[in-house]
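>>> Mind folding the following:
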Amino acid sequence: MKHRARTRYLFDRVSVATLLGAHPAVAAKLANAADRDTLPSKAFAGFDTNPRQLYRVFAAAPVYPWLAQLVDSLESCIRAGWYWNRVKTSDRQQFRGVLAELHVAEHFLLRGVLEIEREPFAGGDLRVVVDDEEVLVEVTAPIELAGLNDFFETVRDVLKHLDEPYDFRGCVALEQLDTFGEDGRLVYLNPITLAKQLPQAGVVAEIAADTAERIGAGEPFRITQDVPELNLRVVADFADISRSAEAPAREIMLSLPTLSGYAPEALFNNILRKTRKKAREQQAGAGGARSPRLLVVDLSTGEIASELRNAGYRARFERMFSERLGSLVGGEYDGVALVEPRGWGEGLVLLQLLFEDQVMDRDLVERLFETSVTAT
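Numbering: from 1, shown residues only. Predicted coordinates:
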């Protein structure tokens, strides 16, 4: 059995039909794709498969409340006028961008904007209207350590949604191959470097395919694969595999090696560099545009969540933000906001905002973000 290029997500037909029945706006947008792409499961009666990322959400929504809330948020935003065709994507990275934009759209709806429009003619991802003033909004979610995230998410999805009639418990781990170098010194794995190199090594597809094939045989197994050029060993250990009674029951542990040799400031600096590049594209329009232009930067994919809650790191990040991006305000954009989602249905936390007060006055800014802000 070969691993498909696109994972097909396994879901209970009745549960998802019930979920979509309660969310008619979502169901209407998905109708054609659902009919075209959904196939019956070969292994489980009453189950179907679909490659769209949303079906990964639908499959787990009955178990995880925050995913059920995600579907609620999607429904309310579509009803309010937001819709992006890529919400139907089967690509994980594109889907991350969709979710970042959905968070921003929902935030502004919760803040009481009067109007919201996806991909307005004037430019940007969103057009929002507050009182009688419109704002063109571009959303970006720079992701760091994508290679590590994608490794584990791909392996987990391939195995959890495997259309084979087996229940199983097991572990997939990345381990450091050598602890000491030839000179006798300790060797560290730098996550920034590793995240860039891991996709190039082709390890993800190999271990996902090998593990899926062995599970499909229905027998316990252990796979080890050394990747000397990355100083890694990949281990897949599944000692508990049994025939499914009805619905699949699967538990997969994922484990990383100890990572060191990097500073969170380096991750944040990469985020700022990507943000500058995004800002210079001026997708919400060039300077002098009729409407204020706001760039919203979602930090939830930046791998610095714990540091954002540390006062020392937070102060350093704020200085870096002002120094690196301050020059963009008033030129490429009239405002740049760093945000972090609270959760679906709860809006955004504004971490820092720089804005040109001759274009975006303080009253407008405080309608968009209820917090203290800094004008340039």
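
>>> Tell me where the longest helix sits in the chain.
Once the chain is assigned using DSSP state H, the helix that runs over the most residues is helix 92-110.

>>> okay, it in CSV with CA atoms only?
The C-alpha trace of helix 92-110 is given here as CSV (Å, rounded to 0.1, in the frame of the first residue of the first chain):
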residue,chain,number,x,y,z
ARG,A,92,-2.2,22.2,5.3
GLN,A,93,-0.2,25.4,4.9
GLN,A,94,-2.9,27.2,3.0
PHE,A,95,-5.4,26.2,5.6
ARG,A,96,-3.3,27.8,8.3
GLY,A,97,-3.6,31.1,6.4
VAL,A,98,-7.3,30.6,6.1
LEU,A,99,-7.7,30.1,9.8
ALA,A,100,-5.5,33.2,10.6
GLU,A,101,-7.8,35.3,8.4
LEU,A,102,-10.9,33.8,9.9
HIS,A,103,-9.7,34.8,13.4
VAL,A,104,-9.2,38.4,12.2
ALA,A,105,-12.6,38.5,10.5
GLU,A,106,-14.3,37.2,13.6
HIS,A,107,-12.5,39.6,15.8
PHE,A,108,-13.8,42.6,13.9
LEU,A,109,-17.3,41.2,13.9
LEU,A,110,-17.1,40.8,17.6
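
>>> Following it in sequence, what is the next regular element?
Heading C-terminal from helix 92-110, the first helix or strand you meet, by DSSP states H and E, is strand 115-118.

>>> contact partners of stretch 70-81?
Applying C-beta atoms under 8 Å, 6 or more residues apart in numbering, the external contacts of stretch 70-81 come out as 19, 23-26, 29, 57-58, 61, 83, 87, 99, 102, 105-106, 109, 115-118, 344-345. Using the backbone N, CA and C atoms, a C-beta is placed for each residue, glycine as well.

>>> likewise stretch 191-204?
144-151, 154-155, 225, 227, 229-230, 232, 234, 259, 262, 266-267, 270, 303.

>>> coming back round to it: buried among the contacts of stretch 70-81? Need that as a selection in ChimeraX.
A single ChimeraX command selects the buried members of those (16 or more other C-beta atoms under 10 Å):
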select :19,23,26,29,57,58,61,83,87,99,102,105,106,109,116,117,118,344
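
>>> Can you tell me which of the contacts of stretch 191-204 are buried?
By neighbour count, with 16+ other C-beta under 10 Å, the contacts of stretch 191-204 hold 144-151, 154-155, 227, 230, 232, 234, 259, 262, 267, 270, 303 as buried.

>>> my read is Leu194 is in a helix, agree?
Yes: applying DSSP: H, G, I helix; E, B strand; the rest coil, one finds Leu194 inside a helix.

>>> per-residue pLDDT, it?
Note for Leu194: predicted pLDDT of 84.

>>> So, low pLDDT: which residues of this structure?
For the chain, the stretches with pLDDT under 70 are 1-5, 114, 118-123, 259-262, 287-289, 371-376.

>>> go again using 50 as the cut-off
Counting by pLDDT under 50, the chain shows low-confidence ranges at 1-4, 375-376.

>>> Name the residue closest to the centre of it, please.
Arg96 (3.3 Å; C-alpha atoms, centre = their mean).

>>> ok, that residue to Leu102 distance?
Separation of Arg96 from Leu102 (C-beta to C-beta, to the nearest Å): 11 Å.

>>> Tell me how many other residues surround Thr140.
Around Thr140 there are 20 other residues, counting by other C-beta atoms under 10 Å.

>>> That one pairs with what?
Val297 (DSSP bridges).

>>> neighbouring contacts of stretch 147-157?
Taking C-beta under 8 Å, 6+ apart as the rule, stretch 147-157 contacts 7, 9, 56, 92-93, 143, 172, 174, 191, 194-199, 203-204, 207-208, 211, 252, 254, 256.

>>> Weed out the non-buried ones from the residues you listed.
7, 9, 56, 92, 143, 172, 174, 191, 194-195, 197-198, 203-204, 207-208, 211, 252.
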